[in-house]
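Engineer: The following block contains a protein sequence and its predicted model.
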2 protein chains.
Amino acid sequence: MKVDNISVTVFSYKTSLVNDTDGHTHPGPEHDTDMAMLSIESDDGLKGFCFGSPQALRPYLLENYIKKVFVGEDPLRFEKLWQSLARWQRGSGGQLSDKTIAIAEMALLDLVGKKLNIPLWKLLGGFRDEVPAYGSTMCGDELKGGLSSPDDYGDFALKLIKQGYKAIKLHTWMPPVSWAPNVKMDIKACAAVREAVGEDFPLMLDANHWYSRTEAFELGKAIQELGYYWYEEPMDEHSSSSYKWLADNLDIPILGPEYAEGKFHTRAEWISNGICDIARTGTMDVGGIIPSIKITHLAEAFNMDCEIHGGGAGNLAVLGAISNARWYERGLLHPFIDYNVPPAYLHKIIDPMNNGMIRMPDLPGLGEDINFDYIKINAIKKY
Amino acid sequence: MKVDNISVTVFSYKTSLVNDTDGHTHPGPEHDTDMAMLSIESDDGLKGFCFGSPQALRPYLLENYIKKVFVGEDPLRFEKLWQSLARWQRGSGGQLSDKTIAIAEMALLDLVGKKLNIPLWKLLGGFRDEVPAYGSTMCGDELKGGLSSPDDYGDFALKLIKQGYKAIKLHTWMPPVSWAPNVKMDIKACAAVREAVGEDFPLMLDANHWYSRTEAFELGKAIQELGYYWYEEPMDEHSSSSYKWLADNLDIPILGPEYAEGKFHTRAEWISNGICDIARTGTMDVGGIIPSIKITHLAEAFNMDCEIHGGGAGNLAVLGAISNARWYERGLLHPFIDYNVPPAYLHKIIDPMNNGMIRMPDLPGLGEDINFDYIKINAIKKY
């Protein structure tokens, strides 16, 4: 079995999500946007797929890296292919990002799962067939009835509990919100949610990522007193000394790193040097499913949980495979958005929730139920 | 697919290997000995197998742990089953050893590989399809023409090079050899081998495991000057401070831990605290293939190699799956023993060598080619 054809289809679909200047999503007017689908085909006619941004799958990357490394190779040898692709990264001048590697790796693993006729969560260990979800809110905004005030957060938290979520994580206000960031307002939102949900319900906070140590400590101390379960990325993660200092000075578990480059190497430093109390990985952050599983195993060896950044098929597969992450991050959620409506290019969402639990998919590979007709009709280009 | 039958067959076979009081093997008169084969059968009629000592597979362990955890479960969910089995260990009062867990896990994975019709080295990553071997000598002895003098080691090293080995590791003299241990004699053997093989050929040393710090340092310093590639287990590994001290005071890479209990947890401490320079795992030491792969990945995150202890199908599968181990340990070797003759219960050895390279097996699962007729005819008991 060899990879013999790799292609990308860029297509258009409608969305009501808009990105702010920091890349955070908010509700907005419906508009057209582009998505890319990577397809890796083997000589026995099977295909693996993964979605990603058109920029992360642009022709230059497909031709110079993904095809060069994968074509003619046995897709089952995913560790070899991942290592080969990752090795191109340093010389790529920053072009070959962890996201591109992740998308390529997940399409490859989707093909592997289809070849072996087994869902990836099971192929990679099958620790559990369902996982509790936490509701992860969008960042704060200035939309009336949205997430514009501490009371908005409190009201929304109650709705999320009614939907069954087992825990809730707030993303509070960040630029370009006119008056953000603001530690006092973050604390008020966290307090309003604690007040709304009662003292035992698990809550987490992911606030502005560019606070100073002083601000981060003030905010952390406050949510520690509010009984929050973890505190996530309040400062630039490239200063690991700052996180070490924060972890040393607060009792609330510090979660990270999420954004910091360096894949498992960086996580190894955070975990072994007391820079975090709970580790973090996400498939798109560290180059895919395999490095994410390596990181959760690394954390396991230090008796540490490793929570998974973001939802989607790849992260769900990681959660099903491994033992030491507590929740699936479901979202991002907002009062104006119905998360349960699949995007037009999928027949259904990967993560329907029942009593707060997400069941692992039954379909082989990543388990996505793709609407190929929609993608064909709405294709903009193919290469 | 569910596990529905687990059994052990104990059978007799002839061997010319004898164990000394420290458990090390030497050539001896041919005699009968016992071996046990664990068989895990699923409801679709497939079977996974692994060999182990009858003591590690005695009825008590089969009934109280292996059957209790595995029967009725989907064998594909190996991470869940491994965690469940390992969790019984603390309460077992020392009965459920890492070896028993390893044998159970490898039989389970053999079944998984057969179900998916894929060799384990490939299922678990497929980094490489061949690996160079080092010749690993038996411990020194007092057998004339065996390994009884420095010159014996030098002569044997030349034979091993002619056979194609890419590197050689010495096990020198240990009790119950009448005059062992002896640092000066160890140094003489290492020097004789270096003299015989020339200055560039990779050599390693695994000496007596109970030297003092002073002895270990003297020996390490000497083989460092002889250009040895690693230095393995010269002291009791439960004193990790001693190994930290040794690693701090020598330039030659310190390899370990091998024997120390604690699976990936112990390796995480050694790796992250500078206690070793090259990590070590073996399937029988840490509870199987999956924890071994976790440990190699852990080492990878710290830019560290992790060499694999011992040969056999499980360790070979680990080497095929992962990137950061350099050699397959082929042995143990002795001038009086022909390693290439398979034991009577196998049709062929798992690790035939060609130009110093071991090819990964093609058969699904562990890849053992078992002589079931022999085992049936020579069965002593089955439970």
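Structural biologist: Now that the structure is in, tell me what you want to look at. Numbers count the residues shown, from 1 in each chain, chains lettered A, B, ... in the order given.
Engineer: ok, which stretches of the stretch 251-383 of chain A are strands?
Structural biologist: For the stretch 251-383 of chain A, the strands defined by DSSP state E, counting those that start in this stretch cover A:254-255, A:279-281, A:306-308, A:328-333, A:353-354, A:357-359, A:379-382.
Engineer: quick one, which of the ones you listed is nearest to chain B?
Structural biologist: With Cβ to the nearest Cβ as the criterion, chain B lies closest to strand A:279-281 of the strands of the stretch 251-383 of chain A, at 11.0 Å. For the C-beta atoms, the positions are set from N, CA and C on the backbone; glycine is no exception.
Engineer: So for that closest one, what gets flagged as buried?
Structural biologist: A:279, A:280, A:281 (16 or more other Cβ atoms under 10 Å in any protein chain shown).
Engineer: The closest residue to residue A:322 other than its chain neighbours: neighbour count?
Structural biologist: Distances taken as Cβ to Cβ, 6 or more residues apart in numbering or on different chains place residue A:296 nearest to residue A:322, at 4.4 Å, with adjacent residues excluded. By the criterion of other Cβ atoms under 10 Å in any protein chain shown, residue A:296 has 26 neighbours.
Engineer: How about the one 5 residues further on?
Structural biologist: Residue A:301 has 26 neighbouring residues, counting by other Cβ under 10 Å.
Engineer: And the pLDDT at it?
Structural biologist: You'll see residue A:301 listed with a pLDDT of 97.
Engineer: on that earlier part again, how close does the residue nearest to residue A:322 get to residue A:140?
Structural biologist: In this view, residue A:296 and residue A:140 are 30 Å apart by Cβ to Cβ, to the nearest Å.
Engineer: got it, and residue A:213?
Structural biologist: Where residue A:140 is concerned, residue A:213 sits at a distance of 22 Å (Cβ to Cβ).
Engineer: Looking at the two, which is more packed in?
Structural biologist: Shown here are residue A:213 and residue A:140; by other Cβ under 10 Å, residue A:140 has more neighbours (29 against 16).
Engineer: In space, what's closest to that one - neighbours in sequence excluded?
Structural biologist: residue A:173 (3.5 Å).
Engineer: surely that neighbour meets residue A:179?
Structural biologist: Yes - contact status for residue A:173 versus residue A:179: in contact at 7.5 Å, counting by Cβ atoms under 8 Å.
Engineer: more crowded one of these two?
Structural biologist: Set side by side, residue A:173 and residue A:179 show more neighbours around residue A:173, with 23 against 9, by other Cβ under 10 Å.
Engineer: Quick one: residues contacting the spatially most central residue of chain A.
Structural biologist: Closest to where the C-alpha atoms of chain A average out (Cα atoms, centre = their mean) is residue A:310, at 2.3 Å. Taking Cβ atoms under 8 Å, 6 or more residues apart in numbering or on different chains, we find residue A:310 in contact with A:282, A:283, A:284, A:329.
Engineer: quick one: which of those residues has the most company?
Structural biologist: Highest neighbour count within these, by other Cβ under 10 Å: residue A:283, with 29 neighbours.
Engineer: Which members of the contacts of residue A:310 additionally contact chain B?
Structural biologist: Taking Cβ under 8 Å from any Cβ of the partner chain, there is no overlap between the contacts of residue A:310 and the neighbourhood of chain B.
Engineer: Kindly reformat those residues as JSON lines and extend each row with distance to residue B:151 and pLDDT.
Structural biologist: Formatted as JSON lines, those follow (distance: Cβ to Cβ, whole Å; pLDDT from 0 to 100):
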{"residue": "A:282", "distance to residue B:151": "59", "pLDDT": "98"}
{"residue": "A:283", "distance to residue B:151": "58", "pLDDT": "98"}
{"residue": "A:284", "distance to residue B:151": "61", "pLDDT": "97"}
{"residue": "A:329", "distance to residue B:151": "66", "pLDDT": "98"}
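Engineer: What residues does the stretch 251-383 of chain A have near chain B?
Structural biologist: Counting by Cβ under 8 Å from any Cβ, the residues of the stretch 251-383 of chain A near chain B are A:264-265, A:267-268, A:272, A:290, A:294-295, A:297-298, A:300-303, A:321-323.
Engineer: among those residues, which ones are buried?
Structural biologist: By neighbour count, with 16+ other Cβ under 10 Å, these hold A:264, A:267-268, A:272, A:290, A:294-295, A:297-298, A:300-302, A:321-323 as buried.
Engineer: which two in these are spaced the farthest apart?
Structural biologist: Largest separation among these by Cβ to Cβ: A:272 and A:321, giving 22.8 Å.
Engineer: thinking again about what came up before, quick check: the residue nearest to residue A:322 vs residue B:301, distance?
Structural biologist: Distance check for residue A:296 against residue B:301: by Cβ to Cβ, it reads 12 Å.
Engineer: Give me the spatial nearest neighbour of residue A:80, chain neighbours excluded.
Structural biologist: Here the residue nearest residue A:80, using Cβ to Cβ, 6+ apart, is residue B:127, at 4.7 Å.
Engineer: How about the contacts made by the one you found?
Structural biologist: Here residue B:127 is in contact with A:77, A:79, A:80, A:83, B:320, B:321, B:322, B:323 (criterion: Cβ under 8 Å, 6+ apart).
Engineer: run the last query once more with 6 Å
Structural biologist: A:79, A:80, B:321, B:322, B:323 (Cβ atoms under 6 Å, 6 or more residues apart in numbering or on different chains).
Engineer: now residue A:365
Structural biologist: Applying Cβ under 6 Å, 6+ apart to residue A:365 gives the contacts A:110, A:113, A:114.
Engineer: Quick check: the last one touching residue A:366?
Structural biologist: No - taking Cβ atoms under 6 Å as the contact criterion, residue A:114 and residue A:366 are not neighbours in contact, 9.2 Å apart.
Engineer: Thanks a lot, catch you later.
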